[in-house]
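Peer 1: sequence below, structure please.
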Amino acid sequence: MFIATLIAAENLSGGDISAAQDRLDQAGCLPAAHVWIDRGVAADVDFGLNPEAARAALAGAFPAVDIVIQPVEGRVKRLLVADMDSTMITVECIDELADYAGIKPQIAAVTEAAMRGELDFEAALEARVALLEGLEEAVIERCLAERVRIMPGAAALVRTMKARGALTILVSGGFTRFAEPVAEMIGFDRATANRLDIAGGVLTGTVAKPIVGSDAKLQALLNAAAELDIGLEGTLAVGDGANDLAMIRQAGLGVAYHAKPIVAAAAAARIDYGDLTALLYAQGIARKDWVTE
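Peer 2: Alright, predicted model coming up:
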């Protein structure tokens with residue numbers, strides 16, 4: 001059996017659910033019962049066959065409603081591996097550092113291209129960091145305080161999964177000076193990111209090797225699953241950029257979150273409208289059971 005979870009950014013009606021069941025029926029998916037997770041916000045529709053046909057039948061069918069299709073068995077995940085920039089926080093930290101250096105447009109254009117998969121991530125990172133040579137180290141703390149904001153739903157997602165026994169890991173192609181405090185603020189168990197080289201109180205324009213990129217993110221997922229002795233079906237990975245694709249493709253539930261087109265097209269699940277609590281609804285967890293503190 002499979003589940004289609006409908007998650008509304010605004011309002012989900014009984015008519016929407018009936019229409020979803022009709023679409024699944026027409027696609028030959030054998031729809032069955034539905035159940036509200038939170039009335040007016042999220043609901044599950046059970047069906048028996050053809051998850052790919054179900055995705056095609058429901059994709060874009062309802063305004064401001066995200067659809068997650070997955071097997072019934074194993075929908076509650078025991079491992080979360082998440083990207084940081086533009087996923088767990090609302091900004092790209094390197095772009096914000098560049099703003100303090102007066103070169104944000106130049107660096108942001110490279111960041112966007114790299115996240116779209118148009119540039120090699122590691123080479124693009126080294127090129128952008130090189131442009132920050134001479135920036136005062138103190139700017140990092142200023143940027144963290146002034147620019148970094150936690151993505152809506154991030155704390156509820158991480159804390160609720162932890163309370164249910166899941167391991168939560170933040171794996172960022174950004175920098176430890178942001179990832180470590182962000183992980184602590186949200187409640188992650190662990191954080192891995194790149195380390196900026198600093199000497200004499202200024203950035204040297206280099207980043208320590210090896211660089212945390214696509215391969216490192218995937219390896220973090222695989223290693224943590226092995227550590228927990230679980231199959232990949234018990235894992236959840238979420239991100240927005242091309243360097244998240246490898247882990248998203250391998251996770252039991254791989255989610256493209258407000259993602260670049262190349263990621264949204266390749267991911268089995270995508271959240272385009274809701275916040276990160278959509279990933280709790282995808283696991284069948286109602287608001288009354290969320291942990292926010």
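
Peer 1: buried set for stretch 23-40?
Peer 2: Buried residues in stretch 23-40, counting neighbours by 16 or more other C-beta atoms under 10 Å, are found at 23, 24, 27, 29, 31, 34, 37, 38. Heads up, the C-betas are built off the backbone N, CA and C, glycines and all.

Peer 1: whoops, I mixed them up, stretch 168-184
Peer 2: 168-180, 182-183.

Peer 1: hang on, the earlier thing: in strands only, show me the buried residues of stretch 23-40.
Peer 2: Among those, the residues falling in strands (DSSP state E) are 31, 34, 37, 38.

Peer 1: how about the residues you listed in JSON lines, adding distance to residue 76 and pLDDT?
Peer 2: Below are those laid out as JSON lines (distance: C-beta to C-beta, whole Å; pLDDT from 0 to 100):
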{"residue": "31", "distance to residue 76": "22", "pLDDT": "97"}
{"residue": "34", "distance to residue 76": "19", "pLDDT": "96"}
{"residue": "37", "distance to residue 76": "13", "pLDDT": "98"}
{"residue": "38", "distance to residue 76": "17", "pLDDT": "98"}
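
Peer 1: make CSV out of the residues you listed and add distance to residue 155.
Peer 2: Listed next are those as CSV, based on distance: C-beta to C-beta, whole Å:
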residue, distance to residue 155
31, 34
34, 29
37, 20
38, 18
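
Peer 1: let me know the closest of those residues to residue 270.
Peer 2: Ranked by distance to residue 270 (C-beta to C-beta), these are led by residue 37 at 18.6 Å.

Peer 1: contacting residues for the closest one?
Peer 2: Neighbour list for residue 37: 5, 43, 44, 281, 284, 285, 286 [criterion: C-beta atoms under 8 Å, 6 or more residues apart in numbering].

Peer 1: with residue 49 instead?
Peer 2: Counting by C-beta under 8 Å, 6+ apart, residue 49 makes contact with 2, 28, 29, 30.

Peer 1: report the two of the residues you listed separated the most.
Peer 2: Taking C-beta to C-beta, no two of the contacts of residue 49 sit farther apart than 2 and 28, at 12.8 Å.

Peer 1: quick check: phi and psi at residue 74.
Peer 2: phi 80, psi 20 (degrees, to the nearest 10).

Peer 1: before we move on, what about residue 100?
Peer 2: The phi and psi values for residue 100, taken as degrees, to the nearest 10, are phi -70, psi -30.

Peer 1: so what pLDDT did residue 292 get?
Peer 2: Residue 292 is assigned 89 on the pLDDT scale.

Peer 1: kindly apply the preceding question to residue 64 instead.
Peer 2: So residue 64 comes in at 96 (pLDDT).

Peer 1: for it, give its distance to residue 11.
Peer 2: Using C-beta to C-beta, to the nearest Å, we find residue 64 at a distance of 8 Å from residue 11.

Peer 1: in the stretch 1-150 of the chain, which spans are strands?
Peer 2: 2-8, 31-38, 42-47, 65-71, 79-82 (DSSP state E, counting those that start in this stretch).

Peer 1: residue contacts, residue 214?
Peer 2: With C-beta under 8 Å, 6+ apart, residue 214 has these contacts: 121, 242, 243, 244, 245, 246, 247.

Peer 1: out of those residues, give me the one that has the most neighbours.
Peer 2: residue 244 (30 neighbours; other C-beta atoms under 10 Å).

Peer 1: much appreciated, bye for now.
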